[in-house]
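S.K.: Prediction below, plus the sequence it came from.
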Amino acid sequence: MKEFLKGVKGRRTLVIVVAVLVLGSGAFLAVRSLGVSARHSPSAQLSFSTARVRRGSITVTVTGTGTLAPKTKQSCTVSAGGKVVSVAVLPGQRVKAGEVLMVLTNQSLSNQLTQARLNLRQAQMDLDALTKPGASSATEADVAAAQAAVLQARLQVEQAKDNVDGLTVKAPFDGLVSGLTVRPGDKVAAGTTLCTVVTPDSLKATLAVNEDDVKLLSVGQQLVLTVSPLIRDLKGHIVAISLEPTTGSTSQVTYQVTVQLDETDPQVRGGMTVTTTVPGPGPWSEPLTLKGTLAYEQTRAMVTATGGTVVSVNAADGDSVKSGEVLLTLESEQAQVALANAEAGLAAAEQRLAQLTNPGPSVYPESQIEKAKMQVEQAQLNVENLERQYNELTVTAAIDGTVTDVAYGVGDQVPPNGAVATVADLSKVEAVVSIDELQVAQLSPGQTAEVTLDALPGRTFTGTLESVALEGSVSDGVTSYQARVLLDGSDQMRVGMSCSVSIQVARHDNVLLVPVEAVYGSGDKATVQVVVNGKPELRQVVAGLSNDTYTEIVKGLSEGETVVTGSLSQSSGNMFMPGIPGGGVRVPGAGGGYGPGRNTQPTEGGGR
């Protein structure tokens, strides 16, 4: 108030300038000042700041802040965990439902599944022995054991054949051999990496860009990358920008930008450091320098599962090879003997089963049969559970969308229940914001909202309030409720971006409006002072909506009339404000609110 009266001397006039959206030609409420004699002192003058009653629109909003989140999101997890053998996608890449994202291997899980299937088969054989004709020359246990032995022998043969086939190492795809150091005659153990096959003509660079600079980049943008160790410039273009940020050890938030090299150089290798510069955000800004590392588009470590002696090496380190081409061969007498023994064991097991199988009638108690059925059901459940976990090792997209995160790379070990990738449908996003408890009662799904993003200044997105939480959360003694606003996605939007939301909870168009400070009281008990013949007269009105600036007058005033918005006594030099102005239907905490003294009734002439 002191600042409001500063500079007023002698006979003063208080002028308040307010703006309002009006219908017709007027864009502002007129403000006038009138000087009249105060009734209490002939020598004192009382000046009134005034405003004309005009037609316009009044809007009441509820605001909140929060972050962007996808409407639909799939977090891909692997229950059993495992080792990553291939990754088919990059962050920012669009995928279809059913598309393979990543493949893992888990030998322990594979063994458990094999054993579970054997147990199921054994349980089924036990049940069959009780419910079907048995063998007269052998017990049920003998037949069941013989059948299980045949299954086990077949598995051993298949495994032994795989081990022998693995002695011939072939290229998995067209590429370049790297790290091949073994020579004929070398002995290698099981699990040894013999060499690596990479795609030398398809290199990519991964840049870490902070959240303030990532908006300067876009998919398809051309860049010139400098390979630091070689001081060599290579052209490339951006193929992907991650939609979810990464927080480093310094707590700095960055986004991963993938650049595909359009040029090659025989001396360039994966793992080399690269730098590039891009123009700054303004015409006078210094260029930004971004740093990253090179990696091959595809890479596969060739690991021997059996070990053995190197017999021949058909490629050298740095050779180009075709998919399926034999790189080297191993020899393992132990693997060959194991295969022969497995095949002999299978023949013996099948012969033993044939000897024991001689159909004949058998009768067993019903309780024993029921127990056998329960054992089959339990074994079946165990197999189904392990098969589900095994199928999860091939990670696929459940929805059409965009890959927002890839958490692991080839060779990484994923822990049980580890989240390996995220796919989100970004055609629709949600602004998830916190709303103060004083405002939440005014919200209802379907209301229109405007959303602005800190990272995209100057742009406003329109959305619809989708839901409001029924249970609030308390922080520092303040209760707030989560609201979700649905809006169309944009290529520039990123998951986790900070946003501000303004939700329109009420709007009246083509109504009479006066400045909020002109009204005292609320509803049908509101009053204003109308200037008639140069003097203020108290008049009762009906007030409607009210916000921080204006109050709607439902009844009691006409367009063009003049109302008093404040008064100043010349003798005292102090502003005289009768009561707390701004009556009307308000949203608590959203543009005004109810205050003490709102129902104070002023007298004519501005006194009380």
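M.R.: Arrived safely, thanks for sending. Worth saying up front: this structure is predicted, and the values here are computed from it rather than measured.

S.K.: three-state assignment of Val311?
M.R.: For Val311, the secondary-structure state derived from DSSP: H, G, I helix; E, B strand; the rest coil is strand.

S.K.: Just give me the neighbour total for it.
M.R.: Val311 has 14 neighbouring residues, counting by other C-beta atoms under 10 Å. All C-beta spots, glycine's among them, are computed from the backbone N, C-alpha and C.

S.K.: thought it was touching Thr329?
M.R.: Yes - with contact defined as C-beta atoms under 8 Å, Val311 reaches Thr329; the gap is 4.8 Å.

S.K.: mind giving me the domain split of the chain?
M.R.: Following automatic domain parsing, one gets these domains for the chain: 2-61+508-606, 63-72+425-506, 101-164+335-393, 168-197+300-331, 200-297.

S.K.: between these, which gets nearest to Val85?
M.R.: Of all the domains of the chain, domain 101-164+335-393 sits nearest to Val85, with 5.3 Å by C-beta to C-beta.

S.K.: rewinding a little: can you put the domains of the chain in CSV and add distance to Val78 and mean pLDDT?
M.R.: Shown next, in CSV, are these (distance: least, C-beta to C-beta, whole Å; pLDDT from 0 to 100):
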stretch, distance to Val78, mean pLDDT
domain 2-61+508-606, 45, 63
domain 63-72+425-506, 21, 91
domain 101-164+335-393, 5, 85
domain 168-197+300-331, 20, 89
domain 200-297, 19, 87
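
S.K.: Asp400 is nearest to which of those?
M.R.: For these, proximity to Asp400 was assessed by C-beta to C-beta; domain 63-72+425-506 is nearest, at 6.7 Å.

S.K.: how far out from the middle of the chain is that closest one?
M.R.: 14 Å (C-alpha atoms, centre = their mean, to the nearest Å).

S.K.: quick one, which of the domains of the chain is nearest to Ser86?
M.R.: Using C-beta to C-beta, these put domain 101-164+335-393 closest to Ser86, at 4.6 Å.

S.K.: which residues in the protein form helices?
M.R.: According to DSSP state H, the chain carries its helices in the segments 2-5, 107-131, 140-165, 333-356, 366-391, 437-440.

S.K.: Rebuild those as JSON lines, extending it with distance to Thr65 and mean neighbour count.
M.R.: Shown next, in JSON lines, are those (distance: least, C-beta to C-beta, whole Å; neighbours: other C-beta atoms under 10 Å):
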{"stretch": "helix 2-5", "distance to Thr65": "29", "mean neighbour count": "9"}
{"stretch": "helix 107-131", "distance to Thr65": "45", "mean neighbour count": "17"}
{"stretch": "helix 140-165", "distance to Thr65": "58", "mean neighbour count": "17"}
{"stretch": "helix 333-356", "distance to Thr65": "65", "mean neighbour count": "15"}
{"stretch": "helix 366-391", "distance to Thr65": "41", "mean neighbour count": "14"}
{"stretch": "helix 437-440", "distance to Thr65": "13", "mean neighbour count": "18"}
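
S.K.: Of the ones you listed, which is nearest Val321?
M.R.: Nearest of the helices of the chain (C-beta to C-beta): helix 140-165, 18.8 Å.

S.K.: The closest one packs against which elements?
M.R.: If contacts are counted by 3 or more C-beta pairs under 8 Å, 6 or more residues apart in numbering; DSSP states H and E, helix 140-165 sits against helix 107-131, strand 134-135, helix 333-356.

S.K.: So which of these is nearest Val474?
M.R.: Checked against C-beta to C-beta, the stretch from these lying closest is helix 107-131, at 43.9 Å.

S.K.: Packing partners of that closest one?
M.R.: Helix 107-131 sits against helix 140-165, helix 366-391, with contacts defined as 3+ C-beta pairs under 8 Å, 6+ apart.

S.K.: how about a markdown table for the ones you listed, with distance to Glu211 added?
M.R.: Shown next, in a markdown table, are the helices and strands packed on helix 107-131 (distance: least, C-beta to C-beta, whole Å):
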| stretch | distance to Glu211 |
| --- | --- |
| helix 140-165 | 49 |
| helix 366-391 | 37 |
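
S.K.: what's the closest of those to Lys322?
M.R.: helix 140-165 (19.2 Å).

S.K.: wouldn't Ser242 be in contact with Ala421 here?
M.R.: No - the criterion here is C-beta under 8 Å, and Ser242 misses it with Ala421 at 11.8 Å.

S.K.: intersection of neighbour lists for these two?
M.R.: Common neighbours of Ser242 and Ala421, counting by C-beta atoms under 8 Å, 6 or more residues apart in numbering, are Asp405.

S.K.: still on that earlier bit, now distance to Glu517 too, for the helices of the chain, in a markdown table please.
M.R.: Output for the helices of the chain, formatted as a markdown table (distance: least, C-beta to C-beta, whole Å):
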| stretch | distance to Glu517 |
| --- | --- |
| helix 2-5 | 11 |
| helix 107-131 | 73 |
| helix 140-165 | 87 |
| helix 333-356 | 94 |
| helix 366-391 | 68 |
| helix 437-440 | 22 |
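
S.K.: Give the phi and psi angles for Ala171, as a check.
M.R.: With angles defined as degrees, to the nearest 10, Ala171 sits at phi -70, psi 130.

S.K.: From Val326, how far out is it?
M.R.: 8 Å (C-beta to C-beta, to the nearest Å).

S.K.: Kindly report the same for Asp142.
M.R.: 47 Å.

S.K.: swap in Thr404?
M.R.: 41 Å.

S.K.: Could you check which of these two is surrounded by more residues?
M.R.: Set Thr404 next to Val326 and count neighbours by other C-beta under 10 Å: Thr404 wins out with 23 against 14.

S.K.: ok, now which ones touch that one?
M.R.: By C-beta under 8 Å, 6+ apart, the contact set of Thr404 is 70, 73, 91-92, 242-244, 422-424, 426, 495.
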